[in-house]
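Q: Mind folding the following:
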Amino acid sequence: MTRGTPAATPAEAKPGSGGAPGGVRLLRLLAYAVLPAEVVLAVLLVGGFRIPAAVWAGVELLVGALLLAEVLAYLRLRRRGLSRREVLAALVPAPVLRIVGHELRIMASLGRWAARRPHGVEGVDGVFPHARDQAALMYGFAFVCVVETVGLSYLLADWPAVHAVVLVLDVYTVLFVLGLHAASATRPHTLTGDVLRLRQAAHVDVSVPLDRIASVRHELVFSHDKAEGELNLAVGSQTSLTVELTEPVDAPRFFGAPRPVRLIRFHADDARALHRALAPAVTRARTAPSPSPDPLQRA
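A: Next comes the predicted model:
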């Protein structure tokens, strides 16, 4: 956020602060009421129900007024010096932003997968894929979704409006399933300098400083009970490496809630290669001399 007077950049508009100015809170309340009503009316219309013109026009006017108010609020916050990202965080609830961001990353992963362009591998010391052992399961799930799409298309052929809605949802489901696998395939684990970056699909991205790693074990684990302070990044219901930490690192939950973890289990296609690369890197990071303090400046 750009520096300025307290009046110019209210703390409530900072992203992640959990609050919002009064006007923004009012817009959110209106959105929670108006937008679901718009969706309900659209579903009723597609289902063949006759909606009075006055009701439809009233809802459309409310939606238009809400959009206009959102634009004006956006311009007002921008004039106060907030960046686009900060304004978006102030106007849109954080859970909505996270859900939309996750969906966009999933769909973008399909393009990266087709173009063979993995994400976040520029300038790294080691790249370790981890999606191989889930490929058969994900392809099978996608095939089942395709079969369901064909079957429902046949069953709903006499209801064109319902068929169109269900077809769109089914096609999106197939793309979503493939996108989940594509996200895992294009977001490998990486080792860079003194950081181990662990990822899973498009929703987990944890950076582990190597000097916090107490031990690294190569072990196959097929059952993972949920426990406080542990993170299990299973692929195909298995993990092959276990890292214990001297200090916790934050592995945020899907909606951003903090989750400190001291033990991480994860999987790699070539777990032995990652273990061989990680063990000496951890030793170097933990035995590296601390930077000497700057000498006192003389007056």
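
Q: So what pairs up with L231 in the strands?
A: Taking DSSP bridges as the rule, L231 bridges to I264.

Q: got a list of what it touches?
A: 206, 251, 259, 261, 263-265 (CB atoms under 8 Å, 6 or more residues apart in numbering). All C-beta atoms are positioned from the backbone trio N, CA, C, and that covers glycine.

Q: What residues does L35 make contact with?
A: 63, 66.

Q: Adjust the sequence numbering to begin at 535 for everything that follows.
A: I'll keep to 535 as the first residue from here, and by that count the last item is L569.

Q: Buried residues in the strand or helix carrying it, which are they?
A: Element membership of L569, judged by DSSP states H and E, is helix 556-580. Within helix 556-580, the residues scored as buried using 16 or more other CB atoms under 10 Å are 558, 561-562, 564-565, 568, 575.

Q: One more: stretch 686-698?
A: 686, 690, 697.

Q: Looking at the residues you listed, which is nearest R618?
A: H697 (39.7 Å; CB to CB).

Q: The closest one should be in a helix, yeah?
A: Yes: under DSSP: H, G, I helix; E, B strand; the rest coil, H697 sits within a helix.

Q: Hmm, it is touching Y688, no?
A: No: H697 is beyond contact range of Y688, at 9.5 Å (criterion: CB atoms under 8 Å).

Q: thinking again about what came up before, and the buried residues of stretch 686-698, which is closest to L732?
A: For those, the nearest to L732 is L686 (38.2 Å; CB to CB).

Q: Apart from its chain neighbours, what residue comes closest to the closest one?
A: V700 (5.4 Å; CB to CB, 6 or more residues apart in numbering).

Q: so which strand or helix has that neighbour?
A: helix 694-720.

Q: Which secondary structure elements does that helix sit against?
A: Applying 3 or more CB pairs under 8 Å, 6 or more residues apart in numbering; DSSP states H and E, we find helix 694-720 packed against helix 556-580, helix 628-649, helix 669-689.

Q: which stretch among those comes nearest S749?
A: Of all those, helix 669-689 comes closest under CB to CB, at 30.3 Å.

Q: follow-up on the earlier one: quick check: the two most widely separated of the contacts of L765?
A: The span of the contacts of L765, defined through CB to CB, is set by R793 and R799 at 14.5 Å.

Q: out of those two, which sits in the more crowded spot?
A: Using other CB atoms under 10 Å as the criterion, R793 and R799 rank with R799 on top: 19 against 16.

Q: what about R559, distance to D745?
A: Noted for R559: a distance of 43 Å to D745, by CB to CB, to the nearest Å.

Q: for A628, same thing?
A: From A628 to D745 the distance is 31 Å (CB to CB).

Q: Could I get the pLDDT score of G552?
A: pLDDT for G552: 43.

Q: And for L579?
A: pLDDT, L579: 69.

Q: Repeat that for R799.
A: Looking at R799, the pLDDT reads 95.

Q: Report the contact partners of the nearest residue to it once chain neighbours are set aside.
A: Using CB to CB, 6+ apart and skipping the chain neighbours, the partner closest in space to R799 is T773 (3.9 Å). By CB under 8 Å, 6+ apart, the residues touching T773 are 754-755, 758, 766-767, 799-801.

Q: Need the max-distance pair from the residues you listed.
A: L754 and L767 (14.1 Å).

Q: more neighbours, the two?
A: It is L767, of L754 and L767, that has more neighbours when counted by other CB under 10 Å, with 21 against 11.

Q: In this model D739 seems to touch the more buried one, though I could be wrong.
A: No: with contacts counted by CB under 8 Å, L767 stays clear of D739, the gap being 10.7 Å.

Q: any shared contact partners between those two?
A: Joint contacts of L767 and D739 (CB under 8 Å, 6+ apart) are L732.

Q: Wait, V729 touches P743, no?
A: Yes: look at V729 against P743 with CB under 8 Å: they come within range, at 6.0 Å.

Q: quick one: the helices in the stretch 685-833 of the chain?
A: Applying DSSP state H, counting those that start in this stretch to the stretch 685-833 of the chain gives helices spanning 694-720, 805-821.
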